[in-house]
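Engineer: Attaching a predicted model along with its sequence, questions to come.
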Amino acid sequence: MAWHTSIPVLTATLLLAGCGLAETAGSAAASGASAAEEAKQAKAMEAQVEQQIEAAQEEARKQREAAEAAAN
């Protein structure tokens, strides 16, 4: 009795495997991992840019203070 329900499932599995849909599912999983890695890299790059901006602002502040001190 259980084999009656497994035949359509087996048939569908064979059809999907034959048309490459199983490979597409594997590719989608790999793409998801790739997207996660890209997001991680983007976040790291964002942090690096923020540090560079802060360093540039600090340098500009120091130069302003030095110019003000020299003017007095």
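Structural biologist: Sure thing, it's come through.
Engineer: Next, count neighbours for Glu58.
Structural biologist: Applying other CB atoms under 10 Å, we find 10 residues neighbouring Glu58. For the C-beta atoms, the positions are set from N, CA and C on the backbone; glycine is no exception.
Engineer: Distance of it relative to Ala35?
Structural biologist: Between Glu58 and Ala35 the distance, using CB to CB, to the nearest Å, works out to 35 Å.
Engineer: One more: Ala66?
Structural biologist: Ala66 is 47 Å from Ala35, where distance means CB to CB.
Engineer: Let me know the next secondary structure element after the helix or strand of the chain with the lowest mean pLDDT.
Structural biologist: For the chain, scoring each helix and strand by mean pLDDT, DSSP states H and E identifies helix 2-19 as the least confident one, at a mean of 58. Beyond helix 2-19 on the C-terminal side, the first helix or strand identified by DSSP states H and E is helix 21-71.
Engineer: Show the average pLDDT along that next one.
Structural biologist: For helix 21-71, the mean pLDDT works out to 85.
Engineer: The chain should start at 97 in everything you say after this.
Structural biologist: New numbering, starting at 97: the last item is helix 117-167.
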